[in-house]
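K.L.:
Prediction below, plus the sequence it came from.
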Amino acid sequence: MVVSVQTALRHVPEVVRSEFARDVIAGLSARPKQLSPKYFYDELGAQLFEEITRLPEYYPTRTELTILEHHAGEMAKLVPADAALIEFGSGSTRKARLLLNAASAIGAYVPVDISSEMLLQEAAELQRDYPRLTVLPVEADFTKPFQLPRGIASRPRVGFFPGSTIGNFEPHMAAAFLSHAAERLGAGATLIIGFDLVKDVKVLHAAYNDAAGVTARFNLNLLTRINRELGGNFNLDMFCHQAFYNTERRRIEMHLASRDRQRVRVAGRTFEFRGGETIHTENSYKYTPESFDAIARGSGWTPVASWTDPNGYFAVQALTVTAS
Ligand code: AVJ
């Protein structure tokens, strides 16, 4: 029997057609099972992440903020007149404000984020606080190609990618992101990027295994989101949070481990778990100054300045597009 595409699609539930659904089905069908950390950030997930950033064990956010507070003046010197500051995956504008306060040369601010609600709200608040700044939010998944607003066509570009979000990318994806950013921002552009540094394993381990269990809730919330949005029946009591440092690959791995053999239904499909089998939910890569330089140089960027904290826990680097 021949059926038209439209007729065939009518029998596929709406949820299966979303990108989230397709990614989850593919990830749970893969061996080992995996899910993308970009799906952590539904409303509760974003709230839990905010809570993580305030945990005593979670050093990255407060360390990066200290670096920005201490060195924003030096960063401002690298910003050309009337520049557009383009922030990748902005979330909160707290870090951008430190640059905006120090660099009066910034004439436009372009926050790029996948979650439109927080993006538009934060952009509106920032516009109110900086009335002379041109604020042009872009709702997009910055890991994919997207259009920069026409309003900044003639402005010099400064990319801003704080938060060590680049740590979520496999090294080849980090390189691809940096290459695309160099292309998109164009000749003469600058990039200010934050990344987490290799350090004592005990410090790393504690940061992702906090005593209050917030990181565990953040990890498990991905299953709650799948249950709600994709009609899943994950029993959260049957999975546990796992986070450990993989020394060879220089990354924290987060997993959700099945406490027993079980079957779970998601989007009309069944997935089998062995006891102890995990879903790999996140990588958080740690760099040495040298390993980050190597990736940057191989991706069209030349390091121009680098700042760190007294413990050497975190780094913020300025790069410029390598002249070709
Ligand atoms: C937002 C990707 C930088 O890797 O440290 C925090 C996310 N995961 N605790 C990180 C996260 C668990 C965070 N990044």
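P.N.:
That came through fine.
K.L.:
Near the ligand, which residues of this protein? Just list them.
P.N.:
Neighbours of the ligand within the chain, by C-beta under 6 Å from any ligand atom: 52, 60, 163-165, 167-168, 208, 215, 282, 284. Heads up, the C-betas are built off the backbone N, CA and C, glycines and all.
K.L.:
Go again with 8 Å.
P.N.:
Taking C-beta under 8 Å from any ligand atom as the measure of proximity, the chain contacts the ligand at 37, 40, 49, 52, 58, 60, 163-165, 167-168, 196, 207-208, 215, 218-219, 243, 252, 254, 282, 284.
K.L.:
Which members of these occur in helices, if any?
P.N.:
Among the residues of the chain next to the ligand, the members falling in helices (DSSP state H) are 49, 52, 60, 207, 215, 218-219.
K.L.:
Strands of the chain, start to end?
P.N.:
Remark: strands assigned in the chain by DSSP state E are 33-34, 83-88, 106-113, 134-135, 138-139, 157-161, 190-196, 239-246, 251-258, 262-266, 269-273, 278-285, 301-308, 314-321.
K.L.:
ok, the first one: who's next to it in the sheet?
P.N.:
It refers to strand 33-34. According to DSSP bridges, strand 33-34 has the following sheet partners: strand 278-285 (parallel).
K.L.:
before we move on, what about the fifth one?
P.N.:
Using DSSP bridges, the neighbouring strands of strand 138-139 in the sheet come out as strand 106-113 (parallel).
K.L.:
Could you pull up the mean pLDDT of the partner strand?
P.N.:
If you average the pLDDT over strand 106-113, you get 96.
K.L.:
That one vs strand 83-88, what angle?
P.N.:
Per axes from the mean of the first three to the mean of the last three C-alpha atoms, to 10 degrees, the angle that strand 106-113 makes with strand 83-88 is 10 degrees.
K.L.:
which residues touch strand 106-113?
P.N.:
79, 81-91, 93, 96, 99-100, 119, 122-123, 126, 130, 133-140, 142, 146, 148-149, 151-152, 155, 158 (C-beta atoms under 8 Å, 6 or more residues apart in numbering).
K.L.:
now those: which count as buried?
P.N.:
By neighbour count, with 16 or more other C-beta atoms under 10 Å, these hold 79, 83-91, 93, 96, 99-100, 119, 122-123, 126, 130, 134-138, 140, 142, 148, 152, 155, 158 as buried.
K.L.:
Dump stretch 248-258 to CSV, keeping only the CA atoms.
P.N.:
Written as CSV, here are the backbone C-alpha positions of stretch 248-258 (Å, rounded to 0.1, in the frame of the first residue of the first chain):
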residue,chain,number,x,y,z
GLU,A,248,43.2,10.0,30.6
ARG,A,249,40.5,12.1,28.9
ARG,A,250,40.8,15.0,31.3
ARG,A,251,37.0,15.1,31.9
ILE,A,252,34.4,14.8,34.5
GLU,A,253,31.8,12.3,33.3
MET,A,254,28.3,12.3,34.6
HIS,A,255,26.1,9.3,34.3
LEU,A,256,22.7,8.0,35.5
ALA,A,257,23.1,4.4,36.6
SER,A,258,20.3,1.9,36.6
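K.L.:
Which one of the residues in the stretch 1-150 of the chain is closest to the ligand?
P.N.:
With C-beta to the nearest ligand atom as the measure, residue 52 is the residue of the stretch 1-150 of the chain nearest to the ligand, at 5.1 Å.
K.L.:
show me what contacts the closest residue to residue 101 other than its chain neighbours?
P.N.:
Using C-beta to C-beta, 6 or more residues apart in numbering and skipping the chain neighbours, the partner closest in space to residue 101 is residue 72 (7.0 Å). Each residue near residue 72 by C-beta under 8 Å, 6+ apart is listed here: 98-99, 101-103.
K.L.:
Which ones among these map onto helices?
P.N.:
98-99, 101-102.
K.L.:
can I get these in a markdown table with distance to residue 235 and pLDDT?
P.N.:
A markdown table is the format used below for the ones in helices among the contacts of residue 72 (distance: C-beta to C-beta, whole Å; pLDDT from 0 to 100):
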| residue | distance to residue 235 | pLDDT |
| --- | --- | --- |
| 98 | 43 | 98 |
| 99 | 45 | 98 |
| 101 | 48 | 98 |
| 102 | 50 | 98 |
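K.L.:
Out of the residues you listed, which is nearest to residue 234?
P.N.:
Closest approach between those and residue 234, by C-beta to C-beta: residue 98, at 39.3 Å.
K.L.:
For the residue in the stretch 101-250 of the chain that the ligand sits nearest to, which non-adjacent residue is closest in space?
P.N.:
Of all residues in the stretch 101-250 of the chain, residue 164 sits closest to the ligand, at 4.2 Å by C-beta to the nearest ligand atom. Spatial nearest neighbour of residue 164, chain neighbours left out: residue 196 (4.4 Å); criterion: C-beta to C-beta, 6+ apart.
K.L.:
returning to what we had before: how about the contacts made by the residue of the stretch 101-250 of the chain closest to the ligand?
P.N.:
Residue 164 touches 60, 64, 194-196, 284, 314, counting by C-beta under 8 Å, 6+ apart.
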